Every structure is written in C-alpha cells, then in structure tokens.
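Undergrad: Let's see this in three dimensions:
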Amino acid sequence: MQQYWKFKEHNFDKVLFFKLGKFYEMFFDDAIIGNRVLDLNWMGNDPKKLHVGFPEKGLEEKAAKLVDIGFKVIIDYILNILRIARNLIFNINKIVSNHKFVNLGICYRTNRDS
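TA: Below you'll find the model as predicted:
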C-alpha cells in the first residue's frame with residue numbers, strides 16, 4: 001500500500017489502476033468509482049475495506065469507459081521486470097521476503113485531451 005499512496009499523493013484527482021499480479025486493483029475512493037461506474041464487485045468480506053479489481057485483459061475497456069465519462073486515469077506497471085527476473089533466478093528468497101525490490105511507476109496517463 002505504500003507504493004499506492006506514493007502514486008496517489010501526486011495524482012489524487014485521477015483514478016489509479018494499481019497492478020498486482022495479473023489484475024488491476026482499485027482502492028478507497030477509486031474503488032467506489034470502480035464499483036459504481038464500472039460495476040466491479042467488492043473484494044473480500046470486510047465492508048470497511050474499499051477494494052475492487054479486474055483482470056488485466058479488461059484494462060483498455062475499463063480505462064476507456066472512465067475517460068469517456070470524464071475521469072482522468074493513471075495506470076501503474078512494474079518498471080524493473082528484467083532486474084527482478086534476473087534476481088529471482090539467483091535468489092528467490094530475497095525477492096519473496098523483500099517486496100520493496102519491485103519498483104512501480106506510472107506508465108500511462110489518459111484523459112479526454114490526450
């Protein structure tokens with residue numbers, strides 16, 4: 001969640017699709033938008049946790065729908081995948097125990113004007 005908040009503090013007015021594995025996740029206010037506008041189901045059993053997600057293959061459709069309505073969308077992605085893969089081969093335990101190895105960054109911004 002630390003990386004999520006790092007992105008949101010500089011892009012609070014945008015909807016963030018946060019990549020986790022093969023899914024894009026949305027949290028808090030973005031999750032409310034995802035639930036109401038994109039008709040995504042709440043994840044987990046705790047109603048206090050605002051969290052929705054969708055498979056990565058739905059990215060273009062979901063982003064386009066929000067942009068058409070007038071939302072600004074940002075999408076994060078793993079930037080250092082080759083470094084991670086190289087380190088995974090040599091030391092899988094270090095990667096699993098230290099998730100800070102994964103660096104994420106905004107790779108795509110979209111709004112009606114872009």
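Undergrad: tell me the SS of the residue lying closest to Leu40 once chain neighbours are set aside?
TA: Of all residues not flanking Leu40 in the chain, Val52 sits nearest, at 3.9 Å (CB to CB, 6 or more residues apart in numbering). Yep, even glycine has a C-beta here, placed from its N, CA and C like the rest. Secondary structure state of Val52, per DSSP: H, G, I helix; E, B strand; the rest coil, is strand.
Undergrad: Quick check: Val52 vs His10, distance?
TA: Counting by CB to CB, to the nearest Å, the gap from Val52 to His10 is 22 Å.
Undergrad: So for the two, which residue has more residues nearby?
TA: Val52 (22 against 9; other CB atoms under 10 Å).
Undergrad: Find me the pLDDT at the residue nearest to Phe28 when sequence neighbours are not counted, would you?
TA: Spatial nearest neighbour of Phe28, chain neighbours left out: Leu50 (5.0 Å); criterion: CB to CB, 6+ apart. On pLDDT, Leu50 comes in at 91.
Undergrad: Run a quick neighbour tally on Leu50.
TA: Around Leu50 there are 18 residues (other CB under 10 Å).
Undergrad: how many other residues sit next to the nearest residue to Ile69 once chain neighbours are set aside?
TA: For Ile69, ignoring the flanking residues on the chain, the nearest one in space by CB to CB, 6+ apart is Val37 at 6.5 Å. Neighbour count of Val37, defined by other CB under 10 Å: 14.
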